[in-house]
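[1] structure of the sequence below:
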Amino acid sequence: MNTIYKSDNGTGLRCPLYLSTVEAGFPSPAEDYVEGSLDLNEYLIKHPAATFFVRVSGDSMVNAGIYPGDILIVDRSLEPVDKKIVIAVLNGELTVKRLRYRAGVPSLEPENDNYTPIKISEEMSFEIWGVVTNVIHKV
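    This next block holds a predicted model:
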C-alpha cells in the first residue's frame, strides 16, 4: 500500500437505483421501477472527515476478497475491534490485515495461507490507522 487518498464528498454524483434486485440464480423479468438515486459517497462513506481511500499492493488478503490494485475505504473514526480488517502501521510500514485479540494480545492475521500471522509485541512500533469498511475492485 503506497497510495492514500482523502475522500471528497463534494461531487454529489447520483445514479439511478432500481427497486428490483438482480437475481444471481435464475433470471427474473426486468422491472422498470426506479427506487430513487444513489450517491456512492453517501452509501459508502459514513464519516467523511475521517475517511480515506487506500490502494492495495500484495496478496496477503485475497481470501477476504481484497486483491492487488483494489481500493479500500478506510474509516479512522471507527473502533478497531476483534476480527475487523484494519490498516495498521507496523514498524513504520502500512499493512492491511485482520485484527485479532487472543488473551488480550493483538495480532495481525493475513487471509492467505502463504503468510503467517504477526503477533504484536511491546518491542514493535504498532498503531491501528483505521478500519476497512469497503473494498472496491473491478470485475
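
[2] any chance of the backbone angles for residue 108?
    phi -110, psi 120 (degrees, to the nearest 10).

[3] can you pull up the bridge partners for it?
    Following DSSP bridges, residue 108 is listed with bridge partners residue 99, residue 118.

[4] so how far is residue 60 from it?
    Separation of residue 108 from residue 60 (C-beta to C-beta, to the nearest Å): 10 Å. The C-beta positions use only the backbone N, C-alpha and C, and glycine is treated the same way.

[5] any common contacting residues for those two?
    Counting by C-beta atoms under 8 Å, 6 or more residues apart in numbering, the shared contacts of residue 108 and residue 60 are 95, 97.

[6] where does the prediction get shaky in this protein?
    By pLDDT under 70, the low-scoring segments of the chain are 1-7, 9-23, 25-35.

[7] mind listing the strands for it?
    In the chain, the strands defined using DSSP state E lie at 3-6, 14-18, 34-39, 51-55, 71-75, 85-90, 93-102, 105-109, 118-119, 126-136.

[8] ok, which of those strands comes nearest residue 24?
    Among the strands of the chain, the nearest to residue 24 by C-beta to C-beta is strand 14-18 (15.2 Å).
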